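1. Show me the folded form of this:
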Amino acid sequence: MNEHSSRSHAIFIITVESSEIGADGKAHIRVGKLNLVDLAGSERQAKTGSTGDRFKEATNINLSLSTLGNVISALVDGSSHIPYRDSKLTRLLQNSLGGNSKTIMIATLGPADYNYDESLTTLRYANRAKNIKNQPRINEDPKDALLRKFQEEIARLKSQLEGKGKSGQKSRRRRNKDGTEVDDDDTGGQKDEELFLKEQQDQLNEEKRVIMHKKNIN
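-> Here you go, the predicted structure:
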């Protein structure tokens, strides 16, 4: 530390928007956010001997790190209340901690035995944080997401129907033990299943058409 330095957390946020042409021929926007966060390390004021502004900075840093630790503990323990609002730091990191994101945390340690206590605290901090379960998902319009889901389901049903058709063609004749081939009439159940799959596909196509029509109106 020197007379010109100050200690604080540093957060750099990048918002990224991407556009792609959807099944309806229109551009659809997806939004993503990249948070680059450099947390100030905790310090024992008895060791550093900081006073004045440096003492206030260290106190505020330790308080915010303590709040972050409480949030991490609440997430790991499955608490119904997560204290994100207890500090500005945790409010900014809300999505990164247990939210809609993929998060990487890097813990840095000092090699000196003088920092043994701080290094041990950091390791425990990181060990708790690694147990947080995030829920990343694609940020897109709900109607776009529903359309995409329908398209995937239609493709799956189409593939399933094609597979049933091929297996049906193969099973129409079977070979007896004496080597002769005869027609296999046991195809009624298979045809019923194919009809059911076809009805599902037609229903999904109709729902997809209705959604695309509503999007065009809006």
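2. Can you pull the phi and psi angles for the residue positioned nearest the centre of the chain?
-> Centroid-nearest residue in the chain, with CA atoms, centre = their mean: P136, separated by 0.7 Å. Per-residue torsions, P136: phi -70, psi 140 (degrees, to the nearest 10).
3. Check the burial of the residue lying closest to it once chain neighbours are set aside by counting its neighbours.
-> Nearest non-adjacent residue to P136, counting by CB to CB, 6 or more residues apart in numbering: K102, 5.0 Å away. Quick note: C-beta positions are derived from backbone N, CA and C, even for glycine. Residues contacting K102 under the criterion other CB atoms under 10 Å number 7.
4. and K102, what are its phi and psi?
-> Dihedral angles (degrees, to the nearest 10) for K102: phi -110, psi 130.
5. just checking, it touches I132?
-> No. With contacts counted by CB atoms under 8 Å, K102 stays clear of I132, the gap being 11.6 Å.
6. residues in contact with the residue nearest to the centre of the chain?
-> By CB atoms under 8 Å, 6 or more residues apart in numbering, the residues touching P136 are N100, S101, K102.
7. From N35, how far off is it?
-> Separation of P136 from N35 (CB to CB, to the nearest Å): 13 Å.
8. go on, N115?
-> Relative to N35, N115 is positioned 27 Å away (CB to CB).
9. Give me the contacts around the host helix or strand of L89.
-> Assigned by DSSP states H and E, L89 belongs to helix 88-92. For helix 88-92, contacts defined as CB under 8 Å, 6+ apart pick out H9, I11, I13, N35, S64, T67, L68, V71, P83, Y84, R85, L97.
10. Run a quick check on the fifth one versus D86, I expect a contact.
-> So that's S64. No. Using CB under 8 Å as the test, S64 is too far from D86 to be in contact (9.1 Å).
11. quick one, which of these two is more surrounded?
-> S64 (20 against 16).
12. which SS class is the more buried one?
-> Secondary structure state of S64, per DSSP: H, G, I helix; E, B strand; the rest coil, is helix.
13. Kindly report the same for I138.
-> coil.
14. so it touches H28, yeah?
-> No. Using CB under 8 Å, I138 is not in contact with H28, being 10.8 Å away.
15. Give me the more crowded residue out of those two.
-> The neighbour count for I138 versus H28, taken as other CB under 10 Å, is higher for H28 (18 against 10).
16. My guess is that one contacts E17. True?
-> No. Using CB under 8 Å, H28 is not in contact with E17, being 10.9 Å away.
17. can you count the residues close to G99?
-> G99: 16 surrounding residues under other CB under 10 Å.
18. which secondary structure element contains it?
-> Following DSSP H and E, there is no helix or strand that holds G99.
19. Any idea what V31 is bridged to?
-> E17 (DSSP bridges).
20. picking up where we left off before, neighbour count for N115 and N35, which is higher?
-> Neighbour count, other CB under 10 Å: between N115 and N35, N115 has more, with 17 against 14.
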